[in-house]
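[1] After the sequence you'll find the predicted model.
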Amino acid sequence: MDAAGVNDPLAVVAAAGDECRARIRAAESAEALASARSAALGREGRLQALMELLKSAAREVRPALGVALNALKNELTELAAERALALGSVASGVVSEDITLPPTTLSRGSLHPLTRTERRVVQVLKGLGFSVTDGPEVEDEFHNFVALNIPPSHPAREPADNFYLAGVPYLLRSQTSTVQIRTMETQQLPLRVCAPGRVFRPDEVDATHHYMFHQVEGLAVDEGLSMADLKGTLLLFFRGLFGADVELRLRPSFFPFTEPSAEVDVRFPGRGWVEIGGCGMVNPAVFAAVGIDANRWSGFAFGLGLERLAMRHCSVPDIRHFTENDVRFLRQLA
Ligand code: DAH
């Protein structure tokens, strides 16, 4: 112990206390904390060394010095325990474990970007009066094709373009439009539903294609619905999802289950048009298949690709990222 220590041992204790405190507080890992703790409180540690002061100190300062050392020891012990809790480490001997405390380092998972996109899509559609429904992923040909006015000769029914099940008249649905039929078979009119879900097509996998992807189907059936209702609904939907800047374009097209039909494109300021899905007025042939009077009722429908929406939404360049389960990708979008 130096001369100053002998002259003012309380000041030495105070200075050592400051140092030990700072080191414990600065510990960023269980290991750093363990070494800070033992440097302060261990057998060869600072406090033990300070005890030597008791022997050399003047008789009249000894009681105060004893109290100060004791207080510092208790304080540092507590501080180390608190720090251990904060670090989530119950390093052996640092704290006695209190099993009633909640864990401090529970690492939380996060929702998959597609799940988040789907929830957001559904939330916006609900705000526009659509209720949520779904249908089976394993479908029969009636719901996937026949009732949707897709005749047996249509190329969309080719075995090479679908996942038909062997030996039974079912397939993995190739579109969520199947849910239009299931809804009209079971629900009262008027109706407004949306149906997010998975669909399957034996496409070559690349940056924009996958054999499994998601769509959200929309269907409204009421008296007097027109293309204006369809376009207004889609515009409000995209604005709700992407903000007021987004532009919508309907491009004339053909789908067997809608007439007229259109492709749905969206554009953000300064970017190009992107095709997001298809839409149209429900074809009277579809109404006929489910026994709805097309003279009284009219309807509009749309089917949008959820991955396409999510890729725009989250700037994801490659559709394969969604199914690779690489946590580095998932964490970036968490
Ligand atoms: N089912 C179509 C597809 O998978 C998309 C689609 C087009 C859905 C027009 C619709 C619609 O509801 O009206 O390519």
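    Received it, and whenever you're ready, just let me know what you need. Being a predicted model, the structure only gives us computed values, none of them experimental.
[2] count of neighbours near residue 164?
    17 (other C-beta atoms under 10 Å). C-beta: built from backbone N, CA, C; applies to glycine.
[3] Can you give me the distance of the closest residue to it other than its chain neighbours to residue 158?
    Distances taken as C-beta to C-beta, 6 or more residues apart in numbering place residue 171 nearest to residue 164, at 4.6 Å, with adjacent residues excluded. Distance of residue 171 to residue 158, computed by C-beta to C-beta, to the nearest Å: 11 Å.
[4] ok, those two, which is more surrounded?
    Counted by other C-beta under 10 Å, residue 171 and residue 158 do not tie: residue 171 has more neighbours, with 20 against 10.
[5] tell me which element the more buried one is part of?
    Residue 171 belongs to strand 170-172 when assigned by DSSP states H and E.
[6] can you count the residues close to the nearest residue to residue 316 once chain neighbours are set aside?
    Using C-beta to C-beta, 6+ apart and skipping the chain neighbours, the partner closest in space to residue 316 is residue 310 (6.5 Å). For residue 310, the number of neighbouring residues by other C-beta under 10 Å comes to 25.
[7] Then the one 5 residues further on?
    Under the neighbour criterion other C-beta under 10 Å, residue 315 is assigned a count of 8.
[8] so what pLDDT did it get?
    pLDDT recorded at residue 315 is 86.
[9] give the contact list for it.
    By C-beta atoms under 8 Å, 6 or more residues apart in numbering, no residues touch residue 315.
[10] does the closest residue to the ligand within the stretch 151-300 of the chain have beta-bridge partners, and which?
    In the stretch 151-300 of the chain, the residue that lies nearest the ligand is residue 278 (2.6 Å; C-beta to the nearest ligand atom). Taking DSSP bridges as the rule, residue 278 bridges to residue 263, residue 303.
[11] right, and the helix or strand after the helix or strand containing residue 193?
    In this structure, residue 193 is located in strand 191-200 according to DSSP H and E. Later in the chain than strand 191-200, the nearest helix or strand by DSSP H and E is strand 212-222.
[12] how would you label residue 299: helix, strand or coil?
    Look at residue 299: counting by DSSP: H, G, I helix; E, B strand; the rest coil, its state is strand.
[13] so it touches residue 281, yeah?
    Yes: between residue 299 and residue 281 a contact is recorded at 6.9 Å, counting by C-beta atoms under 8 Å.
[14] what is in contact with these two at once?
    Counting by C-beta under 8 Å, 6+ apart, the residues touching both residue 299 and residue 281 are residue 225.
[15] Which one of those two is surrounded by more residues?
    The neighbour comparison of residue 299 against residue 281 (other C-beta under 10 Å) goes to residue 299, with 27 against 19.
[16] how about that one, what does it touch?
    219, 220, 221, 222, 225, 281, 282, 287.
[17] Contact residues of the stretch 51-200 of the chain facing the ligand?
    Remark: the part of the stretch 51-200 of the chain in contact with the ligand comprises 175, 177, using C-beta under 6 Å from any ligand atom.
[18] For the stretch 51-200 of the chain, which segments count as strands?
    Along the stretch 51-200 of the chain, counting by DSSP state E, counting those that start in this stretch, strands occupy 131-132, 138-140, 163-164, 170-172, 191-200.
[19] Just name the most buried of these.
    strand 191-200 (a mean of 21; mean count of other C-beta atoms under 10 Å).
[20] got the angle for that strand vs strand 212-222?
    Comparing the axes of strand 191-200 and strand 212-222 via axes from the mean of the first three to the mean of the last three C-alpha atoms, to 10 degrees yields an angle of 160 degrees.
[21] Count residues in the vicinity of residue 225, would you?
    Neighbour count for residue 225, taken as other C-beta under 10 Å: 19.
[22] that older thread, each with direction, which strands does the strand holding residue 193 pair with?
    Its sheet considered, strand 191-200 pairs with strand 131-132 (parallel), strand 212-222 (antiparallel) by DSSP bridges.
[23] Pick the most deeply packed of those strands.
    Of the strands paired with strand 191-200, the one with the most neighbours on average (mean count of other C-beta under 10 Å) is strand 212-222, at a mean of 22.
[24] Quick check: what element follows that one along the chain?
    Sequence-wise, the next helix or strand downstream of strand 212-222 (DSSP H and E) is helix 227-242.
[25] Would you mind getting the angle between that next one and strand 191-200?
    Inter-element angle recorded for helix 227-242 and strand 191-200: 60 degrees (by the same axes, to 10 degrees).
[26] about what we covered before: does the residue nearest to residue 164 really touch residue 161, like I thought?
    No: the pair residue 171 / residue 161 is not scored as a contact, 10.2 Å apart, by C-beta under 8 Å.
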